[in-house]
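Peer 1: I would like to see how this sequence folds:
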Amino acid sequence: MRITRTRTAVGVAISALALGTLPAWAAHAEPTAPERSTARHAPHHSRPASDGVRLIPLQGAVNVRDLGGYRTYDGERVRYGQVFRADALAKLTDADVATLAGLRLKKVVDFRVPAEVQYDGADRLPAGLAVTSRAISDNGLFATLMTVIGSRDPVKQEEMLGNGKADAFMRGVYRTFVTDDSNRAQFAATLRDIARGGDSSPLLYHCTAGKDRTGWTSYLLLRAIGVPEQTVVGDFLASNTYRAAYDAKVRDGLRQAGLMQNPDLLIPLQEVRTGYLEAALTEVRQKYGSLNGYLTKGLGLDARTILALRERMVG
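Peer 2: Okay, the predicted model is just below:
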């Protein structure tokens with residue numbers, strides 16, 4: 001009986017960290033959504049931040065955003081209400097689902113691998129909206145977390161994640177966004193959906209925390225349609241702002257449960273960092289020469305598709 005309880009505790013802890021699910025022992029620390037804004041220049045469902053990020057406040061997810069509003073190099077603006085990025089949608093409340101319904105989504109793409117869906121649960125979506133599964137490898141992140149947290153061993157946890165090892169692991173995850181054939185195919189299919197529009201628009205894509213696989217997709221999309229690099233990196237790093245309080249509560253819960261003496265070892269796994277993005281971009285340059293080479297040769301997007309992305313998203 002004690003073994004069963006231990007496995008259950010480890011399971012919910014893994015789910016909490018890797019999959020964004022708040023464990024039972026931290027139920028008092030439910031994610032809270034920022035207050036809505038009444039700013040007139042953005043849709044009613046989103047809150048403009050000073051850096052241009054449009055957050056959609058929900059109770060069961062903390063990193064759901066409209067990619068609209070950014071300026072391109074030529075002064076045009078990315079349209080609101082076309083593409084949304086998100087973290088896992090399994091824990092949405094009824095009110096959250098109603099908010100999603102208001103976005104009039106036509107397609108939802110889930111980048112999570114089957115093990116993540118099993119632990120965290122399937123998406124909660126408005127009636128009539130089905131999820132499209134496009135699993136993108138986590139490069140063993142889930143298994144690593146299972147081993148680290150499940151061990152309850154501070155020495156082993158330090159050996160596996162300390163001294164820059166967690167940071168290095170995440171850089172490896174990002175490199176697979178470029179090197180893995182299957183991963184590239186999933187990114188490409190999603191960008192083609194956006195370019196095509198029609199019954200795929202508006203579209204929302206998400207992974208678990210909405211920061212890595214989702215962050216890379218957003219980086220590619222915004223760069224492809226002419227948003228400046230500095231702005232796009234800002235969108236990428238904004239996940240740290242929106243996830244900070246929630247992730248801190250998860251770490252505190254792991255400490256209180258006795259699963260980790262030093263849960264701060266997990267911070268590199270919870271955060272996004274420019275170094276992670278640079279790891280992927282270095283791989284892009286080495287294999288394809290440029291980001292455009294990655295889009296055309298690595299993802300197989302032709303010039304017509306890239307032009308259609310801009311026409312769909314900008315104006």
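
Peer 1: now do the contacts for the residue nearest to the spatial centre of the chain.
Peer 2: Central residue of the chain (Cα atoms, centre = their mean): Gly210, 1.6 Å from the mean position. Applying Cβ atoms under 8 Å, 6 or more residues apart in numbering to Gly210 gives the contacts 61, 63-64, 85-88, 239, 243. To be clear about C-beta, it is placed using only N, CA and C from the backbone, and glycine gets the same treatment.

Peer 1: what sits against the residue nearest to it when sequence neighbours are not counted?
Peer 2: Computed as Cβ to Cβ, 6 or more residues apart in numbering, the closest residue to Gly210 that is not its neighbour in sequence is Asp87, at 3.3 Å. Going by Cβ under 8 Å, 6+ apart, Asp87 touches 20, 61-64, 206-211, 214, 243.

Peer 1: same thing but 6 Å
Peer 2: Contact analysis of Asp87 by Cβ atoms under 6 Å, 6 or more residues apart in numbering lists 20, 61, 63, 209-210.

Peer 1: mind listing what's buried along stretch 220-238?
Peer 2: Using 16 or more other Cβ atoms under 10 Å as the test for burial, stretch 220-238 gives 220-227, 231-238.

Peer 1: can you map out the strands along the stretch 51-200 of the chain?
Peer 2: 54-55, 65-66, 83-86, 107-110, 131-133 (DSSP state E, counting those that start in this stretch).

Peer 1: each with direction, which strands does the third one pair with?
Peer 2: Listed by DSSP bridges, the sheet partners of strand 83-86 and their directions read strand 65-66 (antiparallel), strand 203-206 (parallel).

Peer 1: counting neighbours, what do you get for Tyr205?
Peer 2: Using other Cβ atoms under 10 Å, Tyr205 has 27 other residues around it.

Peer 1: gap between it and Glu159?
Peer 2: 35 Å (Cβ to Cβ, to the nearest Å).

Peer 1: try Gly81
Peer 2: Applying Cβ to Cβ to Gly81 and Glu159 gives a distance of 48 Å.

Peer 1: gap between the residue nearest to Gly210 and Gly300?
Peer 2: With Cβ to Cβ as the criterion, Asp87 and Gly300 are 28 Å apart.

Peer 1: what's the answer for Glu76, then?
Peer 2: 26 Å.

Peer 1: between these two, which one's more packed in?
Peer 2: Glu76 (16 against 13).

Peer 1: report the contact partners of the closest residue to that one other than its chain neighbours.
Peer 2: Leaving aside its chain neighbours, Glu76 sits nearest to Val314 (4.9 Å; criterion: Cβ to Cβ, 6+ apart). Neighbour list for Val314: 72, 76, 78, 225 [criterion: Cβ under 6 Å, 6+ apart].

Peer 1: one more: Pro154?
Peer 2: Contact analysis of Pro154 by Cβ under 6 Å, 6+ apart lists Gln261.

Peer 1: repeat that for 7 Å
Peer 2: 261-262 (Cβ atoms under 7 Å, 6 or more residues apart in numbering).

Peer 1: just the pLDDT for it.
Peer 2: On pLDDT, Pro154 comes in at 96.

Peer 1: swap in the one 5 residues further on?
Peer 2: Here the pLDDT value assigned to Glu159 is 95.

Peer 1: quick check: the gap between it and Gly68.
Peer 2: Glu159 is 45 Å from Gly68, by Cβ to Cβ.

Peer 1: more crowded one of the two?
Peer 2: Neighbours were counted for Glu159 and for Gly68 using other Cβ under 10 Å; Gly68 has more, 21 against 13.

Peer 1: what is the neighbour count of the residue nearest to Ser200 when sequence neighbours are not counted?
Peer 2: Using Cβ to Cβ, 6+ apart and skipping the chain neighbours, the partner closest in space to Ser200 is Asp193 (4.1 Å). Using other Cβ under 10 Å, Asp193 has 21 neighbouring residues.

Peer 1: for Asp193, list the residues it contacts.
Peer 2: Residues near Asp193 by Cβ under 7 Å, 6+ apart: 107, 200, 203.

Peer 1: quick revisit: which helix or strand contains the residue nearest to the centre of the chain?
Peer 2: Using DSSP states H and E, Gly210 sits within no helix or strand.
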